[in-house]
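Trainee: how would this look folded up:
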Amino acid sequence: MNKSIENSSSCKIDQIARKYLKDSDNDTIRQALEVVMTDRNVSVSHLQRQLRVGYNRAVEVIEVLEERGIIGPGDDANQRKILILDELNTKASSETNMN
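Mentor: Prediction:
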């Protein structure tokens with residue numbers, strides 16, 4: 001991958017992360033937000049695998065992300081909508097237009 005694309009993608013994630021993270025958040029919450037934004041996938045099992053945490057911790061992280069409006073509530077199939085995708089896509093398209 002091109003270094004400038006990596007850097008712009010990383011900057012975009014950092015900008016959005018600053019909006020949703022709190023100073024008191026631990027590394028697990030920060031890493032979870034990054035996983036959600038980069039993988040565009042969120043589920044308890046996905047966070048367990050990516051963050052190498054247990055079920056209970058993954059559920060706690062999901063609850064925090066939902067409380068902050070990052071992801072929506074789970075439906076019957078436990079699929080959750082990533083509510084900040086529009087924000088991610090908007091930032092990506094505006095950065096593409098600038099280049």
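Trainee: what's the average pLDDT for stretch 58-72?
Mentor: What stretch 58-72 shows for mean pLDDT is 95.
Trainee: so for that stretch, what gets flagged as buried?
Mentor: 58, 61-62, 64-66, 68, 70-71 (16 or more other C-beta atoms under 10 Å). Yep, even glycine has a C-beta here, placed from its N, CA and C like the rest.
Trainee: filter those down to the ones in helices?
Mentor: Per DSSP state H, helices hold the following members of the buried residues of stretch 58-72: 58, 61-62, 64-66.
Trainee: confidence-wise, which helix or strand of the chain is lowest on average?
Mentor: helix 85-98 (a mean of 65; mean pLDDT, DSSP states H and E).
Trainee: closest to residue 40 out of the ones in helices among the buried residues of stretch 58-72?
Mentor: residue 65 (13.4 Å; C-beta to C-beta).
Trainee: now do the contacts for that closest one.
Mentor: With contact set as C-beta atoms under 8 Å, 6 or more residues apart in numbering, residue 65 has these partners: 29, 32-33, 36, 42, 71.
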